[in-house]
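>>> Can you look at this prediction? I've put the sequence above it.
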Amino acid sequence: MTFDGSGAMARDPARNLALLNYGLLFASFFFAGVPALVAVIIAYTQRVQAPEPERSHFTFQIRCFWIAFILALLAGISGLAAVIHVVASLYGVANTLGWDGFDKMEVVIGQLAIDASLLFLIIGAVALAFLSGLWLVGTSVIGAIRLASDQGIGKSRPL
């Protein structure tokens with residue numbers, strides 16, 4: 001560990017944790033978001049005591065997590081709405097044909113009709129999930145580059 005000119009300890013531990021968090025945020029794209037939970041817990045616990053520019057990075061990581069979480073939550077809600085739409089359609093068929101009508105029903109993929117609302121829900125779920133992953137990957141790469149350059153988030157000059 002090194003010391004700066006005033007005799008205080010350097011920011012190496014906080015910087016290493018901030019870099020680790022960016023790695024966890026990046027990896028969360030491949031592991032269904034679980035590493036992002038670890039990263040946000042580390043960021044919340046280290047943000048208060050971290051020196052600048054690491055404090056701004058921990059704050060940025062928390063913001064990135066919550067934005068990705070909201071996008072993923074909206075994707076999940078859209079996907080759930082699509083499933084409910086399909087189940088409601090099947091329930092409508094069951095009411096029309098009776099529950100015994102399912103035994104006689106054949107589904108030919110070429111004749112399957114998908115209405116606009118179901119298509120919108122499916123495309124919305126996929127697009128929001130993609131944006132959530134892209135957000136986590138992109139912000140973690142940008143943040144790690146700025147941290148490696150000794151720049152805070154939101155500051156244009158090196159510290």
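Arrived safely.

>>> helices or strands next to the longest helix seen in the chain in the packing?
The longest helix of the chain (DSSP state H) is helix 54-97. With contacts taken as 3 or more C-beta pairs under 8 Å, 6 or more residues apart in numbering; DSSP states H and E, helix 54-97 sits against helix 12-27, helix 34-46, helix 101-104, helix 116-148. To be clear about C-beta, it is placed using only N, CA and C from the backbone, and glycine gets the same treatment.

>>> How far off centre is the last one?
Read it as helix 116-148. Put simply, helix 116-148 sits 7 Å off its chain's centre (C-alpha atoms, centre = their mean, to the nearest Å).

>>> relative orientation of that helix and helix 12-27 in degrees?
Between helix 116-148 and helix 12-27, the angle comes out at 160 degrees (axes from the mean of the first three to the mean of the last three C-alpha atoms, to 10 degrees).

>>> Hey, what's the angle from helix 116-148 to helix 34-46? Just curious.
Between the axes of helix 116-148 and helix 34-46, defined by the same axes, to 10 degrees, the angle is 50 degrees.
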